[in-house]
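Participant: fold the stuff below for me.
(one chain, ligands or ions: 2)
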Amino acid sequence: MILIKGGTIIDPQNNLRDQKDILIDKGKIVKIEENLQPPPECQVIDATDKVICPAFTDIHVHFRDPGQTYKEDIYTGSLAAVAGGYTTVVCMPNTFPAIDEPSIVRYVIEKGEEIGLCRVLPAAAVTKGREGKQLTEMSLLKDAGAVYFTDDGAPVWDAHVMRKAMEFAGSIGSFVADHCEDLSLSKDGVAHEGEIAAALGLPPLPPEAEDTMIARDCVLSIHTGMPVHICHLSTKVGVEIVTWAKAMGAKVTAEVTPHHLYLTDEEWLDFDCKAKVSPPLREHEDLEAVRWALASGIIDIVATDHAPHAHQEKMQEHHACPPGMIGLQFALPIVLELVRKDYFDLTRLVEVMSINPARKIGLKPPSIKEGEIAELTIFDPTESWEVNEEVIYSKSKNTPLMGRKLIGKVKYTFYKGEIVYRD
Ligand code: NCD
Ligand code: ZN
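Facilitator: Ligands and ions are numbered 1, 2, ... in the order given. Here you go, the predicted structure:
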């Protein structure tokens with residue numbers, strides 16, 4: 001038995017925002033009450049001044065298996081996930097080979113289960129080889145366990161293909177998520193088009209590369225009546241387009257990454273390609289827009305887009321350097337920063353990191369309730385810690401946050417009734 005004592009439980013599903021103790025027996029929550037006394041031989045976790053909430057779900061991670069396990073693998077990715085408070089992650093199909101066949105979907109799921117730290121679920125490719133041409137066999141992929149479809153890393157650039165994909169995925173109760181980037185506008189751009197790219201002489205990547213494709217996808221969703229999900233939304237105009245589409249009744253949802261909620265193109269000022277990510281880090285106005293959109297419900301989900309790359313790869317000059325940064329262990333402190341700055345409260349944090357993402361992929365979100373299996377995260381909202389190589393569980397350490405202080409730390413993660421992470 002485990003007694004979690006003195007913490008504040010936040011679970012909007014059960015109207016919980018109270019200081020209560022949780023007794024867990026054989027993995028199941030058996031009692032939630034004030035001032036519970038530990039039965040004999042019970043492990044006690046002192047959760048004084050800590051928050052306890054349903055464990056997080058990240059619908060956008062890159063675990064690089066198959067094909068690039070020198071960057072990350074399902075084991076190290078799972079370690080980073082549970083250290084970040086996550087018990088469900090969705091792996092992107094931009095692997096080698098791409099996740100475009102049922103056997104590869106099964107491979108990822110089975111490897112995740114074998115490791116057993118958290119639920120590792122794949123998204124499958126929209127098109128064969130992520131080439132943007134021929135649709136994958138979506139029904140078979142869904143039956144094998146793919147939770148949605150995306151060519152992430154690349155957009156579905158052909159509007160006709162996108163329309164067919166949305167119709168087909170929607171008709172089988174799934175959806176397409178798009179990495180919105182018009183490649184004819186982004187060209188060989190590296191940094192957000194603005195004063196900083198201009199001052200540093202970096203090839204500019206204009207926000208309209210993202211915005212035009214968000215608009216296209218929203219229009220397709222309105223006309224087909226089918227759902228579409230916007231990956232890593234990063235611009236103020238993108239926020240306006242999604243606002244408009246939602247008002248039109250489109251089944252559009254959107255996610256934002258911790259880095260687009262926290263960092264701007266100023267990260268380029270030390271000329272470090274750690275700042276290179278797709279979509280690029282934007283300006284203060286964009287940052288404000290995505291923060292308020294997350295608060296208001298225009299953006300539904302925080303997803304990390306955890307994108308590990310090896311040190312030598314990130315050390316290359318800006319054209320050759322692959323875009324991406326790791327994120328699983330930084331999401332909570334970054335979203336907590338927005339709670340501290342009064343953009344929204346802890347209940348909204350739990351909605352965007354736990355409840356909404358789980359529901360989006362058709363899972364029942366973890367619930368802190370008597371009779372449920374314990375799947376929860378305990379975090380200290382005020383503990384300050386430094387980002388350094390030692391604390392990062394991911395195989396790759398590519399993040400512009402290296403050396404910085406963050407506030408808010410995951411202390412325990414429970415999955416299937418067991419402690420899978422302890423700080
Ligand atoms: C992603 C990656 O590394 O796979 N990189 C990134 O900058 N986000 C791919 C992608 O989402 O574009
Ligand atoms: Zn992407």
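Participant: tell me what the helix or strand containing Lys411 is packed against?
Facilitator: When elements are defined using DSSP states H and E, Lys411 is found to belong to strand 405-415. Taking 3 or more Cβ pairs under 8 Å, 6 or more residues apart in numbering; DSSP states H and E as the contact definition, the neighbouring helices and strands of strand 405-415 are helix 74-83, strand 86-91, helix 331-340, strand 376-386, strand 418-422. Where C-beta positions appear, they are placed from N, C-alpha and C, glycine not excepted.
Participant: please report how far the residue of the stretch 251-400 of the chain at minimum distance from ligand 2 lies from Pro323.
Facilitator: Here the residue of the stretch 251-400 of the chain nearest ligand 2 is Ser278; by Cβ to the ion that distance is 5.6 Å. Ser278 sits 4 Å away from Pro323, going by Cβ to Cβ, to the nearest Å.
Participant: so the two - more neighbours on which side?
Facilitator: When neighbours are counted by other Cβ atoms under 10 Å, Ser278 comes out ahead of the other of Ser278 and Pro323, with 22 against 18.
Participant: check what pLDDT the more buried one gets.
Facilitator: Looking at Ser278, its pLDDT is 98.
Participant: that one belongs to a strand?
Facilitator: No. Using DSSP: H, G, I helix; E, B strand; the rest coil, the secondary structure at Ser278 is coil, not a strand.
Participant: that one touches Met325, doesn't it?
Facilitator: No. Applying Cβ atoms under 8 Å as the test, Ser278 and Met325 come out as separate, 10.1 Å apart.
Participant: go through the helices and strands packed on strand 405-415 and pick out the most buried.
Facilitator: When these are scored by mean count of other Cβ atoms under 10 Å, the highest mean neighbour count falls to strand 86-91 (a mean of 28).
Participant: only alpha carbons, please: show the helix or strand following it as CSV.
Facilitator: Taking DSSP H and E as the definition, the helix or strand that follows strand 86-91 towards the C-terminus is helix 102-115. Taking only C-alpha atoms (Å, rounded to 0.1, in the frame of the first residue of the first chain), the coordinates of helix 102-115 have been written out as CSV:
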residue,chain,number,x,y,z
PRO,A,102,0.8,-2.2,-39.8
SER,A,103,3.9,-4.3,-38.9
ILE,A,104,5.9,-1.1,-38.0
VAL,A,105,2.9,0.1,-35.9
ARG,A,106,3.0,-3.1,-34.0
TYR,A,107,6.7,-3.0,-33.6
VAL,A,108,6.6,0.4,-31.8
ILE,A,109,3.6,-0.6,-29.6
GLU,A,110,5.2,-3.9,-28.7
LYS,A,111,8.6,-2.4,-27.9
GLY,A,112,6.9,0.2,-25.7
GLU,A,113,5.0,-2.5,-23.9
GLU,A,114,8.1,-4.6,-23.4
ILE,A,115,9.8,-1.6,-21.8
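Participant: by contact count, what packs against helix 102-115?
Facilitator: Packing contacts for helix 102-115, counted by 3+ Cβ pairs under 8 Å, 6+ apart, involve helix 74-83, strand 119-122, helix 138-144.
Participant: touching ligand 1 at all, the shortest one?
Facilitator: No. On the criterion Cβ under 6 Å from any ligand atom, strand 119-122 is out of touch with ligand 1, staying 13.9 Å away.
Participant: which residues touch the residue in the stretch 201-350 of the chain that ligand 2 sits nearest to?
Facilitator: Residue of the stretch 201-350 of the chain nearest ligand 2, by Cβ to the ion: Cys231 (5.1 Å). Taking Cβ atoms under 8 Å, 6 or more residues apart in numbering as the criterion, Cys231 is in contact with 60, 150, 152, 177-180, 255, 303, 305.
Participant: out of these, which sit inside strands?
Facilitator: Of the positions in the contacts of Cys231, 60, 177-178, 255 sit in strands, assigned by DSSP state E.
Participant: list just the nearest of those residues to Ser296.
Facilitator: Nearest to Ser296 among the ones in strands among the contacts of Cys231, counting by Cβ to Cβ, is Glu255 at 14.9 Å.
Participant: give me the beta-bridge partners of the closest one?
Facilitator: On DSSP bridges, the residues paired with Glu255 through beta bridges are Ile301.
Participant: repeat for Leu16
Facilitator: Note on Leu16: beta-bridge partners Asp11, judged by DSSP bridges.
Participant: what do Ser278 and Met325 both touch?
Facilitator: Overlap between the neighbourhoods of Ser278 and Met325 is empty, taking contacts as Cβ under 8 Å, 6+ apart.
Participant: near ligand 1, which residues of the stretch 101-250 of the chain show up?
Facilitator: Taking Cβ under 6 Å from any ligand atom as the criterion, the contact residues of the stretch 101-250 of the chain with ligand 1 come out as 152-153, 179.
Participant: would you mind measuring from the residue of the stretch 251-400 of the chain closest to ligand 2 to ligand 1?
Facilitator: Applying Cβ to the nearest ligand atom, to the nearest Å, one obtains 4 Å for the distance of Ser278 from ligand 1.
Participant: cool, Gly84 as well?
Facilitator: Relative to ligand 1, Gly84 is positioned 17 Å away (Cβ to the nearest ligand atom).
Participant: quick one: contacts for that residue?
Facilitator: Under the criterion of Cβ under 8 Å, 6+ apart, the contact partners of Gly84 comprise 56, 58, 304, 328-332, 410.
Participant: adding distance to ligand 2 and pLDDT, write those out as TSV.
Facilitator: Below are the contacts of Gly84 laid out as TSV (distance: Cβ to the ion, whole Å; pLDDT from 0 to 100):
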residue	distance to ligand 2	pLDDT
Phe56	20	99
Asp58	14	99
Thr304	12	99
Leu328	16	98
Gln329	20	98
Phe330	18	98
Ala331	16	99
Leu332	21	99
Val410	25	98
